[in-house]
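Undergrad: okay, here's the prediction I keep looking at, along with the sequence it came from:
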2 protein chains.
Amino acid sequence: MRQVALSTVRRLALYLQFLEELEHKGKQTVSSRALAERGGATPAQVRKDLSFFGSFGKRGIGYPVGRLAARIRDILGLGRRYRVILVGAGRIGMALASYPGFDQRGFDVVTVYDVDPAKVGRKMEGKLVRHINDMDGELAKEPADIAVIGTPAGPAQAIAERLVKSGVRAILNFAPVSLHLPEDVTVTNVNMALELEALSYALSRKKA
Amino acid sequence: MRQVALSTVRRLALYLQFLEELEHKGKQTVSSRALAERGGATPAQVRKDLSFFGSFGKRGIGYPVGRLAARIRDILGLGRRYRVILVGAGRIGMALASYPGFDQRGFDVVTVYDVDPAKVGRKMEGKLVRHINDMDGELAKEPADIAVIGTPAGPAQAIAERLVKSGVRAILNFAPVSLHLPEDVTVTNVNMALELEALSYALSRKKA
DNA sequence: GAGTGTGAAATTGTTCACAGCG
DNA sequence: CGCTGTGAACAATTTCACACTC
């Protein structure tokens, strides 16, 4: 196992959320067991996850909260701010754009794009909505790190391709399609309908 | 492999989205390759996923679009409607509540609960917001199948426990905590901050 | 004693490859 | 001959178990 698994990275982010709470409470150390409970993992898994990046704990004691949090932030690349653009001023995207944890964690929503003339030029959740035709030009001048796609399924692929051409290398996709992009572009799909359908499946198993 | 993997179920939901498009276009058959392309999988994986539930395809031809879609809807338990309640009338929850695909796929948001007196009694996105204190009593009279938790992290665990006590067996959780619940309750976590942090990680790898 | 760090074992999930049907 | 269905090989991930340190 050379490359660290995505699931490990995701758990790291979960541990960090807990560590920051502990930091806030002034706790000095934390055990793999406590981290596991909160992160929905097992103690062994926590230790293994952390061991990929070095050994931070003290045997018999646990992990130093502050130092571990700092290290995870470093591993996750949270030591800087990211320029985020949002394409599609629909509800899900806007909900995200105004999510406080967003700004707080270093993600700045710099621009919102839409096609709807009724939205363009107006402010939504404090962000000015611009027309999507201007997107490529503006990205050329001021690149973005991350794009959030909140459009319907139809235009999502074409928009993603334009984004990649403009230098975006990470996409959070809410449109219900798998985007087909060069492999140096990281895409994370969040598909609400799919989550509900998975719950539906689980429920239908239970009666059986 | 006795139990079907969650990842298989999720892919099935993805295939279904594509099949419904094809149905709409009047296409009669589809190959595992075409399904794979859209579902972000390999042809072999599509065939394996489907084979857990029977064999629907014709060799040399492919799968019958309509019949396969119907079968997947059946597997996923989408042949009925679900009563969904939403706890926490924040942006993400409300965005979901008014998501058209929601209603369309058989999920009825029957009630929205919140603690904020400024919200209680008002309509948001066409849904009347009720006070969370009334939740348990109302659920006793009219049970819900699925609850969506859109509260902050703090109260989420306590609310989840109340929901379970009231008979809810499936929870879609947007609060950034792992809920600790009896194992006959299915919980799906959607954690936006975590998704962004995973993208941050991926981006920070690329410069290296 | 309490709790980490980590190879080795077990499990789970994916890909291969090919037999067999339409 | 194209494409499914599937056991068997493979790869990835999780869990175990225990040596070791504080």
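TA: That came through, no problem. Residues are numbered from 1 along each chain as shown, chains lettered A, B, ... in the order given.
Undergrad: tell me the SS of the residue sitting nearest the centre point of chain A?
TA: Geometric centre of chain A, nearest residue: A:Leu172, 7.1 Å, by C-alpha atoms, centre = their mean. Three-state call for A:Leu172 (DSSP: H, G, I helix; E, B strand; the rest coil): strand.
Undergrad: which strand residues bridge it?
TA: Here A:Leu172 sits in beta bridges with A:Val148, A:Thr188, as judged by DSSP bridges.
Undergrad: each with direction, which strands does the strand ranked longest in chain A pair with?
TA: Criterion DSSP state E: the longest strand present in chain A is strand A:107-114. When pairs are called by DSSP bridges, strand A:107-114 turns out to pair with strand A:82-87 (parallel), strand A:127-131 (parallel).
Undergrad: dump those to a markdown table, plus mean neighbour count.
TA: Quick note: C-beta positions are derived from backbone N, CA and C, even for glycine. Below are the strands paired with strand A:107-114 laid out as a markdown table (neighbours: other C-beta atoms under 10 Å in any protein chain shown):
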| stretch | mean neighbour count |
| --- | --- |
| strand A:82-87 | 24 |
| strand A:127-131 | 16 |
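Undergrad: out of those strands, nearest to B:Arg105?
TA: strand A:82-87 (24.2 Å; C-beta to C-beta).
Undergrad: surely A:Phe107 meets B:Leu196?
TA: Yes - with contacts counted by C-beta atoms under 8 Å, A:Phe107 reaches B:Leu196, the gap being 5.6 Å.
Undergrad: ok so, going back, turn the strands paired with strand A:107-114 into TSV, including distance to A:Ala160 and mean pLDDT.
TA: Listed next are the strands paired with strand A:107-114 as TSV, based on distance: least, C-beta to C-beta, whole Å; pLDDT from 0 to 100:
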stretch	distance to A:Ala160	mean pLDDT
strand A:82-87	9	96
strand A:127-131	18	94
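Undergrad: which among those strands is found nearest to B:Tyr63?
TA: Of the strands paired with strand A:107-114, the one closest to B:Tyr63 (C-beta to C-beta) turns out to be strand A:82-87, at 33.5 Å.
Undergrad: domains for chain A, by residue range?
TA: When chain A is parsed with automatic domain parsing, its domains come out as A:6-75, A:82-194.
Undergrad: tell me how far the closest residue to A:Leu128 other than its chain neighbours lies from A:Glu142.
TA: Of all residues not flanking A:Leu128 in the chain, A:Val112 sits nearest, at 7.1 Å (C-beta to C-beta, 6 or more residues apart in numbering or on different chains). Counting by C-beta to C-beta, to the nearest Å, the separation of A:Val112 from A:Glu142 is 14 Å.
Undergrad: which of the two has more neighbours?
TA: Ranked by neighbour count (other C-beta atoms under 10 Å in any protein chain shown), A:Val112 and A:Glu142 place A:Val112 first, with 26 against 10.
Undergrad: my guess is that one contacts A:Met124. True?
TA: Yes - contact criterion C-beta under 8 Å: A:Val112 and A:Met124 qualify, at 6.6 Å.
Undergrad: can you list contacts of the strand or helix carrying A:Phe102?
TA: For A:Phe102, the host element (DSSP states H and E) is helix A:100-104. By C-beta atoms under 8 Å, 6 or more residues apart in numbering or on different chains, the residues outside helix A:100-104 that reach it are A:84, A:96, A:109, B:176, B:192-193, B:196.
Undergrad: I'd like those residues as a markdown table, with distance to DNA strand D appended.
TA: Listed next are the contacts of helix A:100-104 as a markdown table, based on distance: C-beta to the nearest atom of the strand, whole Å:
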| residue | distance to DNA strand D |
| --- | --- |
| A:Val84 | 26 |
| A:Leu96 | 26 |
| A:Val109 | 30 |
| B:Pro176 | 19 |
| B:Met192 | 21 |
| B:Ala193 | 20 |
| B:Leu196 | 20 |
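Undergrad: out of those, which comes closest to A:Leu12?
TA: Closest to A:Leu12, out of all of these and judged by C-beta to C-beta, is B:Ala193, at 12.5 Å.
Undergrad: now for the helix or strand containing that closest one, which elements pack on it?
TA: According to DSSP H and E, B:Ala193 maps onto helix B:192-206. Helices and strands touching helix B:192-206, by 3 or more C-beta pairs under 8 Å, 6 or more residues apart in numbering or on different chains; DSSP states H and E, are helix A:6-24, helix A:100-104, strand A:146-149, strand A:170-173, strand A:186-189.
Undergrad: sounds good, over and out.
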